[in-house]
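Peer 1: please find the sequence and the predicted model below.
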Amino acid sequence: MKNSLLTVSGTTFSSKNLEENKDVLSTELYDFYKLWFNNSDTIVLKTSGSTGKPKKIRVSKTKMILSALKTGAFLDLKTGDKALCCLPLTFIAGKMMVVRSIALSLNLTVVKPSKNPFKGLNESFKFSACTSYQLENSIDSLKNIDTLLVGGSPINENTKEKLGNIKTTVYETFGMTETLSHVALKNLSKQESSFKALEGYSFEKVNGCLKINSKDILEAPLLTNDIVTLISKKEFIWLGRKDFVINSGGIKLFPERIEKSLSKFFKASFIIMGVPDRSLGEKVIIIFEKSLPTNYDKAISSLSTYEKPKSFLLLNKFSRNNNKLLRKEIINEVLSKWKTAQK
């Protein structure tokens, strides 16, 4: 396998010295790197399950390298630049941090994933990536990170407002396991509202949903369930998932957009969803984890008439995967409780 040298904290590893340095690497990193060195041209990845059941897919290592090179070109990463991986290597985001380090000859440091992985860093890094949850808990600890990619779930408005006070350049990512990480980035430090394509990707809109084209990464164009406003073949504004659109009295409402408006008020986890209603077809409700925020009434008053939840429910615990809310599982649980309550 070409591009098979990995530098971790200044030490370079290859297939020849991997076994003798097994104890130096974390178990996850060793296991992934060993897979990278084997005779297969492909590797098995598993999706996060955020929009359905997790599944395994087999992808080309060469295409993972190509994806890494696209990120490197967009962010102007150079040989020897220091990168920090604070993501689990179980999923695509963490794996691609390692692949980028291999493909771009970066000097990678791996730390245990935590809600604030940047706290206490005593060296500077050109590049890192984290989840929205990690960013929200690390906003005051980013002084040693030059460029940061953030993905996994939408970033709340309170956090976005704080980005203007830090020097780190922060990009929100758009992508999925099937696209081998991100295909487009949004510069939050410049308050951009739209995602811009990386080199080699272009976009279309089919029945309101985003279609991703790529000759070198995808086997065929990928039609997503993401509803977008298409600005051009290279740029779009994300509105929400088709799976979760609420049709209330003939008005289509996007839960993610309502959540974005409310995120400046609530620190607690919550989701907006629709439940069956005899007169409206569906009505908007809001689900909180454990308790109702004290500023609930004030927050709801900021919404338009159609967007306002008609009621609220509490769940003891939200389903999560790597601190990412599993919206479909939460919705299914609520619908089951709702139907039972209506009988």
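Peer 2: Looks like it arrived, so ask away.
Peer 1: quick one: contacts of the longest strand belonging to the chain?
Peer 2: Longest strand in the chain, counting residues (DSSP state E): strand 222-232. Contact with strand 222-232 is made by 51, 176, 178-179, 194, 203-206, 208-212, 236-243, 245, 254, as judged by C-beta atoms under 8 Å, 6 or more residues apart in numbering. Where C-beta positions appear, they are placed from N, C-alpha and C, glycine not excepted.
Peer 1: tell me how far the residue lying closest to Gly250 once chain neighbours are set aside lies from Gly151.
Peer 2: Residue nearest to Gly250 in three dimensions, not counting chain neighbours: Gly281, with 7.8 Å by C-beta to C-beta, 6 or more residues apart in numbering. Remark: distance between Gly281 and Gly151 (C-beta to C-beta, to the nearest Å) = 33 Å.
Peer 1: higher neighbour count, these two?
Peer 2: More crowded of Gly281 and Gly151, by other C-beta atoms under 10 Å: Gly151, with 24 against 14.
Peer 1: still on that earlier bit, thinking the residue nearest to Gly250 is in contact with Val245, fair?
Peer 2: No - Gly281 lies out of contact with Val245 (C-beta atoms under 8 Å); the separation is 11.9 Å.
Peer 1: stretch 165-184: which residues count as buried?
Peer 2: 166, 168-184 (16 or more other C-beta atoms under 10 Å).
Peer 1: ok now that stretch, how far from the chain's centre?
Peer 2: Here the centre of stretch 165-184 is set off from its chain's centre by 7 Å, with C-alpha atoms, centre = their mean, to the nearest Å.
Peer 1: only alpha carbons, please: show it as CSV.
Peer 2: Extracted in CSV, the C-alpha atoms of stretch 165-184 (Å, rounded to 0.1, in the frame of the first residue of the first chain):
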residue,chain,number,x,y,z
ASN,A,165,-13.5,36.0,19.8
ILE,A,166,-10.9,33.3,19.0
LYS,A,167,-8.1,33.1,16.5
THR,A,168,-8.7,29.6,15.4
THR,A,169,-10.3,29.2,11.9
VAL,A,170,-13.3,26.9,12.4
TYR,A,171,-15.0,25.1,9.5
GLU,A,172,-18.3,23.2,9.7
THR,A,173,-18.2,20.1,7.6
PHE,A,174,-20.8,18.3,5.4
GLY,A,175,-20.2,14.7,4.6
MET,A,176,-20.9,11.1,5.6
THR,A,177,-19.2,7.7,5.8
GLU,A,178,-20.3,6.9,2.2
THR,A,179,-18.4,10.0,0.9
LEU,A,180,-15.3,9.2,3.0
SER,A,181,-15.7,12.2,5.2
HIS,A,182,-16.6,15.8,4.1
VAL,A,183,-17.4,16.9,0.6
ALA,A,184,-18.0,20.6,1.5
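Peer 1: can you list contacts of the helix or strand in which Thr173 is found?
Peer 2: Per DSSP states H and E, Thr173 falls inside strand 169-176. Under the contact criterion C-beta under 8 Å, 6+ apart, strand 169-176 has outside partners 47, 92, 129, 135, 146-151, 155, 163, 181-189, 195, 224, 238.
Peer 1: swap in stretch 192-212?
Peer 2: Outside stretch 192-212, the residues that touch it by C-beta under 8 Å, 6+ apart are 70-71, 73-74, 172, 174, 179, 182-186, 213-218, 221-228, 230-231, 233-238, 242.
Peer 1: ends of that stretch, what's the gap?
Peer 2: Chord length of stretch 192-212, first to last residue, is 21 Å (C-alpha to C-alpha, to the nearest Å).
Peer 1: what pLDDT, on average, does that stretch get?
Peer 2: Per-residue pLDDT over stretch 192-212 has a mean of 95.
Peer 1: do stretch 324-336 as well
Peer 2: 90.
Peer 1: list the buried ones in that stretch?
Peer 2: Neighbour counts over stretch 324-336 (16+ other C-beta under 10 Å) mark Lys324, Leu325, Leu326, Arg327, Lys328, Glu329, Ile330, Ile331, Glu333, Val334 as buried.
Peer 1: do the same with stretch 188-205
Peer 2: In stretch 188-205, counting by 16+ other C-beta under 10 Å, buried: Leu188, Ser189, Ser194, Phe195, Lys196, Ala197, Leu198, Gly200, Tyr201, Phe203.
Peer 1: give the bridge partners for the fourth one, please.
Peer 2: Under DSSP bridges, the beta-bridge partners of Phe195 are Phe236.
Peer 1: OK, contacts around Ile285?
Peer 2: Ile285 makes contacts with Ile272, Met273, Gly274, Val275, Pro309, Lys310, Ser311, Phe312, Leu313, Val334, as judged by C-beta under 8 Å, 6+ apart.
Peer 1: now do stretch 120-128, average pLDDT.
Peer 2: Stretch 120-128 shows a mean pLDDT of 93.
Peer 1: what's the span of it from first residue to last?
Peer 2: Chord length of stretch 120-128, first to last residue, is 15 Å (C-alpha to C-alpha).
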